[in-house]
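Undergrad: Output the structure for:
(one chain, ligands or ions: 2)
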Amino acid sequence: MDENAWKSAALSRRKNGYDRLPAGDRPAMDAYADAYRAFLDASKTERCCVKESIRLAEERGFRPYQRGGPLKPGDKIYSVNRGKMLLLAVIGEQSLAAGAQIAAAHADCPRLDLKPVPLYEDSELAFLKTHYYGGMRKHQWTAIPLELRGVVVLRSGETREIALGAGPGEPKLVITDLLPHLSHEQDKKILREAFTGENLNVLVGSVPLVGEDKDRVKLGVLKLLYERYGITEDDFISAELEAVPAFNACEIGLDGSMIGAYGQDDRVCGYAALRALLDLDGCPVKTAVCVLADKEETGSNGVTGMQTAAFDTFMEDLCQTQNVPLRVCLENSFCLSADVTAAFDPNFPEVFEKRNTARLNYGPGVCKYTGSGGKKNTSDASAEAMAYIRRIFDENNIVWQTSELGAVDAGGGGTVAKFMANRNITTLDAGVPVLAMHAPFEITSKLDCYMTYLAMQTVYEN
Ligand code: MN
Ligand code: MN
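TA: Ligands and ions are numbered 1, 2, ... in the order given. You can find the predicted model right below:
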């Protein structure tokens, strides 16, 4: 044995993805990044994301599954939960008793939801009251162009789809911020208190309705809404309207190597999980399942969140076609909880622990645990699960890395992993490293996006 052979075997050498990516893979990576940006632009809300995902799936031969219908290996099906959660599957060669290979991402993102009674006028300006959704640094949402997306369901049950400020050239909305000349008192406050939730009011109009004597600007806005959508002030009560950034995804960097966009947490992993499923060649060995869940950013609760029985119901429906008990399927299944992780940011090194933080261009970060305050509220994946992922990623030349969400006690976070693991599914977190996560404009690297897509394929096929 060579005197130094032990050294190359014993020492870990993680390389930048660009030192490992075959030059021939660049066009595929760039094409993937272009398609991903188009997906983001069409997916500003969880409902839009589900709709766009269905459109892409149907193009590739997926069809809605009707309970009780027969299924055979190779069948491509999907099921929508209340327009906000999507479950897709490609039936495998093996029985579901052998378990399914699952990728679970989330389609919801931080945003500003309208309150049930949102519209008011103050000092001859019209505003919409909001209640922020998900973890948010509130000051980031002021003084940027916003659009309003979502649905209004009329008393009759009829649904009006709202997209205000979303079309090209259409007027946008905004939340005002204080000018530096007059922010001296506000500047003394700590950041968390300087910007309050009740200040996040969206400016929507300034023209008074001539001839009226009270709330003239508010009436002007109501008139526009009535003319365009046939909706009234009381219809806001039965609505889900979200103010989201009114700009599209773009390339970042002089080298165009990164992607900047709203909503990459977690549509970047959602798109990878979806595309990998759509691109599956032939029939996988085990049944491959892709979940795009809702409500992750607020704890995965509710009827469309990952804790919902809708997931178990979907799996049970599939199992029933093969006379397999659901519990047998779940205990043999593997789930990659596909969610983003924090990328090391040299501008803020103090909140990271360099040796255990994901870096841009080193591929998806495999996260053994998330949580906070001493691994609380997390599914700590087993050494065996980590070994399995190491093996299949390495065997398939995936550029990947390990990650932890910041330094110990710097903060923390969670994913859907624990809710899958609680179901007796072996579960592991992995996803794209993101700079400025939860900001209205988040940054990822094209290489990491593409590698995460390849990683998802590997999970479905192993
Ligand atoms: Mn996430
Ligand atoms: Mn998040």
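Undergrad: does residue 416 really touch residue 339, like I thought?
TA: Yes - with contact defined as Cβ atoms under 8 Å, residue 416 reaches residue 339; the gap is 6.9 Å. Every C-beta, even on glycine, is put in place using the N, C-alpha and C of the backbone.
Undergrad: Which residue is the nearest non-sequential neighbour of whichever residue of the stretch 301-450 of the chain sits closest to ligand 1?
TA: Residue of the stretch 301-450 of the chain nearest ligand 1, by Cβ to the ion: residue 339 (4.1 Å). Ranked by Cβ to Cβ, 6 or more residues apart in numbering and with sequence neighbours excluded, the top spatial neighbour of residue 339 is residue 415, at 4.1 Å.
Undergrad: Now do the phi/psi pair for the one you found.
TA: Main-chain dihedrals, residue 415, degrees, to the nearest 10: phi -140, psi -170.
Undergrad: Check whether whichever strand or helix holds residue 366 comes into contact with ligand 1.
TA: Using DSSP states H and E, residue 366 maps to strand 365-367. No - using Cβ under 5 Å from the ion, strand 365-367 never reaches ligand 1; the gap is at least 11.3 Å.
Undergrad: quick one: contacts of that strand?
TA: 341, 358, 386, 389, 393, 400-405, 415, 428-433 (Cβ atoms under 8 Å, 6 or more residues apart in numbering).
Undergrad: now stretch 205-222
TA: 119-121, 124-126, 204, 223-224, 232-233.
Undergrad: Mind picking the two most distant members of those?
TA: 124 and 232 (22.0 Å; Cβ to Cβ).
Undergrad: distance of the residue most central in space within the chain from ligand 1?
TA: Centre of the chain computed as the mean C-alpha position; nearest residue by Cα atoms, centre = their mean is residue 266, 2.0 Å away. As judged by Cβ to the ion, to the nearest Å, residue 266 and ligand 1 stand 4 Å apart.
Undergrad: how much space between the closest residue to residue 302 other than its chain neighbours and ligand 1?
TA: Computed as Cβ to Cβ, 6+ apart, the closest residue to residue 302 that is not its neighbour in sequence is residue 295, at 5.2 Å. Distance of residue 295 to ligand 1, given as Cβ to the ion: 11 Å.
Undergrad: which residues does residue 295 contact?
TA: Residue 295 neighbours (Cβ under 8 Å, 6+ apart): 106, 108, 301-302, 304-306.
Undergrad: For stretch 401-415, which outside residues touch it?
TA: Stretch 401-415 is contacted from outside by 14, 135, 296, 337, 339, 341-342, 350-353, 356-359, 362-373, 377-378, 429, 433, using Cβ under 8 Å, 6+ apart.
Undergrad: quick check: longest strand of this structure.
TA: Ordering each strand of the chain by length in residues (DSSP state E) puts strand 111-122 first.
Undergrad: next structured bit after that one?
TA: Proceeding N to C from strand 111-122, the next assigned helix or strand is strand 125-133, under DSSP H and E.
Undergrad: Could you list the buried residues of the helix or strand just after that next one?
TA: Per DSSP H and E, the first helix or strand lying C-terminal to strand 125-133 is strand 146-153. Within strand 146-153, the residues that count as buried by 16 or more other Cβ atoms under 10 Å are 146-152.
Undergrad: now swap in stretch 315-335 and tell me
TA: 315-319, 321, 324, 326, 329-330, 332-335.
Undergrad: For it, report the contacting residues that lie outside it.
TA: For stretch 315-335, using Cβ under 8 Å, 6+ apart, the contacting residues are 65, 67-71, 79, 89, 91, 95-104, 287, 289, 312, 385, 388, 417, 420-421, 423-428, 459.
Undergrad: again, only this time at 7 Å
TA: Stretch 315-335 is contacted from outside by 67, 70-71, 89, 95-102, 104, 287, 312, 420, 423-427, using Cβ atoms under 7 Å, 6 or more residues apart in numbering.
Undergrad: And the strands in the stretch 351-462 of the chain, which stretches?
TA: 365-367, 371-372, 401-402, 412-413, 426-431, 433-434, 442-445 (DSSP state E, counting those that start in this stretch).
Undergrad: Just put those strands in TSV and tack on distance to residue 277, mean pLDDT and mean neighbour count.
TA: Listed next are those as TSV, based on distance: least, Cβ to Cβ, whole Å; pLDDT from 0 to 100; neighbours: other Cβ atoms under 10 Å:
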stretch	distance to residue 277	mean pLDDT	mean neighbour count
strand 365-367	20	97	26
strand 371-372	28	92	18
strand 401-402	24	97	20
strand 412-413	26	92	20
strand 426-431	16	98	27
strand 433-434	22	98	28
strand 442-445	20	98	25
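Undergrad: Let me have those in TSV, adding distance to residue 167 as columns.
TA: Supplementary listing: the strands of the stretch 351-462 of the chain in TSV, determined by distance: least, Cβ to Cβ, whole Å:
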stretch	distance to residue 167
strand 365-367	37
strand 371-372	41
strand 401-402	40
strand 412-413	35
strand 426-431	32
strand 433-434	28
strand 442-445	23
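Undergrad: Looking at those strands, which is nearest to residue 35?
TA: Minimum separation from residue 35 across the strands of the stretch 351-462 of the chain (Cβ to Cβ) falls at strand 442-445, 14.3 Å.
Undergrad: just checking, what packs against that closest one?
TA: Here strand 442-445 touches strand 258-261, helix 264-278, strand 433-434, going by 3 or more Cβ pairs under 7 Å, 6 or more residues apart in numbering; DSSP states H and E.
Undergrad: Let's have those in JSON lines, adding distance to residue 170.
TA: As requested, those are exported to JSON lines (distance: least, Cβ to Cβ, whole Å):
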{"stretch": "strand 258-261", "distance to residue 170": "19"}
{"stretch": "helix 264-278", "distance to residue 170": "23"}
{"stretch": "strand 433-434", "distance to residue 170": "29"}
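Undergrad: Quick one: closest of those to residue 162.
TA: Closest approach to residue 162 among the helices and strands packed on strand 442-445 (Cβ to Cβ): helix 264-278, 20.3 Å.
Undergrad: Show residues contacting that closest one.
TA: 36, 39-40, 43, 49, 53, 56-57, 60, 88, 90, 103, 105-107, 109, 288, 290, 292, 296, 338-340, 431-432, 434, 437-438, 442, 444, 449, 452-453, 456-457, 460.
Undergrad: filter the residues you listed to the buried ones?
TA: Using 16+ other Cβ under 10 Å, the buried ones in the contacts of helix 264-278 are 36, 39-40, 43, 49, 53, 56-57, 88, 90, 103, 105-107, 109, 288, 290, 292, 296, 338-340, 431-432, 434, 437-438, 442, 444, 449, 452-453, 456-457, 460.
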